[in-house]
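Undergrad: Have a look; sequence and predicted model below, questions after that.
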Amino acid sequence: MIPLEEARAHVLARVACLPEVELPADAAHGLVLAAPVIAGEAVPPFDNTAMDGFAVRAQDTVGAPVELDIVGTLAAGADPAGTVVGEGQAVRIMTGAPIPEGADAIVMVESTELAGDGDRVVIQVPAQTADHVRQAGDDIRQGDVVIEAGTVLTPVHLGVLASVGVTTVRVVRRVRVGVLSTGDELVEGTAPLRPGQLRDSNRHSLRALVASDGCEVIDLGLVRDDKEAVADAITGAAGVCDALVTSGGVSMGDFDEVKAVLADLADDMRWMQVAIRPAKPFAFGTVGAMPVFGLPGNPVSSLVSYELLARPALRQMMGHGPDDLDRPRLAAIAEEPLKRHPDGKTHFARVIVRIRDGRLAVRSAGGQGSHQLAAMGAANGLAVLPDGDGVGAGDSVDVLLTGDPQPASR
């Protein structure tokens, strides 16, 4: 067996970052920015009000309450040209509207009262210069670096880009990942199972995981155990995919055709026994320029292997930095014993992670067999149990977060 760190280093050393592309900003969510974005304009582009109320000269409100003449109204989007606030005057103004000439403060509507026939306003509290005024460039100044290269673009970043009129960005493109299942025992659909048959679950889970990690998924379907059919599927994938994920046929002694085909087609194909449980068997090599990740066939092993070895590599291909390849690994408290036996491996126990008294707490998600997919579905974390006897209730344990922690009440 080899340590997980060695297997990981072997894979990461052999996957290169994909080329940069120019994309519409709205299509770049989750991608890594390849060049900094420079603001060509200020945000906001003009002085405007942060509140509904009245634009005034602060000096006219000294000694409030005072009564001022209303000489106009400005709504958001209005052109302020020709609207001027002079001595003893005020302009009714709505949030986001430009500050009219002559005004230097806003009095909130809650601090005013209409007088006369509605053509005058009583200012009940004195204003200070710049009260509730958003200055031009208060958020972003023209020429600012709005977003640094290397940033993963979030929904908020897309809004920032739109706010400065940026419609295209240079990013590392999405990796196109083919997902392939093989095996005569696997079937799709709802038809009754014949003896020896299993429904193909791995491909469905892996496609969703790949998509959730920001990749483009290419479903290569379910291929029967036929060497020519498997070879056609893999060589076809090499023509359209940047990476290939397969499940099954990588254990010692397997006679699955995937192993035979990859032995013929792939360069530097390495069949590994990684010192982890689940997911000990793992294979990696390249077909042409396409990395191939051979995951084990047991459902939980397939998913854990993807998380620990394939996912970091795919993220590296999309330009993520070394500190952004893995799920968050945080310290938690075991709410119950998480037992194991010494076997020379690191165990990754499926756990439910909760927030309790401001700290993360974990408990078993259920069955820990590599075939028990339902417990994996209930889990939102993998507790990292080094070789030994596990941890007791109340002990500290590291956990890889695969989902959001639950509230303690759940």
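TA: Cool, got the structure.

Undergrad: Please make it C-alpha for all contacts and neighbour counts, starting now.
TA: Noted.

Undergrad: need the next SSE after the longest helix along the chain, C-terminal direction.
TA: Using DSSP state H, we find that the single longest helix of the chain is helix 227-240. Following helix 227-240 in sequence order, the next helix or strand is strand 243-247 (DSSP states H and E).

Undergrad: just checking, what packs against that next one?
TA: Helices and strands touching strand 243-247, by 3 or more C-alpha pairs under 8 Å, 6 or more residues apart in numbering; DSSP states H and E, are strand 176-182, strand 290-295.

Undergrad: Turn those strands into a markdown table, columns for distance to Val146, mean pLDDT and mean neighbour count.
TA: Formatted as a markdown table, the helices and strands packed on strand 243-247 follow (distance: least, C-alpha to C-alpha, whole Å; pLDDT from 0 to 100; neighbours: other C-alpha atoms under 10 Å):
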| stretch | distance to Val146 | mean pLDDT | mean neighbour count |
| --- | --- | --- | --- |
| strand 176-182 | 29 | 94 | 24 |
| strand 290-295 | 35 | 96 | 27 |
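
Undergrad: what separates the longest helix of the chain from the chain centre, distance-wise?
TA: 31 Å (C-alpha atoms, centre = their mean, to the nearest Å).

Undergrad: which residues are in contact with it?
TA: 176, 178, 182, 220, 223-224, 244, 257-258, 260-261, 287-290 (C-alpha atoms under 8 Å, 6 or more residues apart in numbering).

Undergrad: Equivalent analysis for stretch 57-65, please.
TA: Applying C-alpha under 8 Å, 6+ apart, the contact partners of stretch 57-65 are 66, 85-90, 102-105, 122-129.

Undergrad: which of these are buried?
TA: Among the contacts of stretch 57-65, those classed as buried by 16 or more other C-alpha atoms under 10 Å are 66, 85-86, 89-90, 102-105, 122-128.

Undergrad: farthest-separated two in the residues you listed?
TA: Gly102 and Gln124 (20.4 Å; C-alpha to C-alpha).

Undergrad: can you give me the helices for the stretch 101-250 of the chain?
TA: Counting by DSSP state H, counting those that start in this stretch, residue ranges of the helices within the stretch 101-250 of the chain are 155-163, 202-212, 227-240.

Undergrad: Can you tell me how far Gly249 is from His29?
TA: According to C-alpha to C-alpha, to the nearest Å, Gly249 stands 35 Å off from His29.

Undergrad: So which of these two has more stuff around it?
TA: More crowded of Gly249 and His29, by other C-alpha atoms under 10 Å: Gly249, with 23 against 17.

Undergrad: just checking, that one touches Ser302?
TA: No - with contact defined as C-alpha atoms under 8 Å, Gly249 does not count as touching Ser302 (11.3 Å).

Undergrad: Nice, that's everything, thank you.
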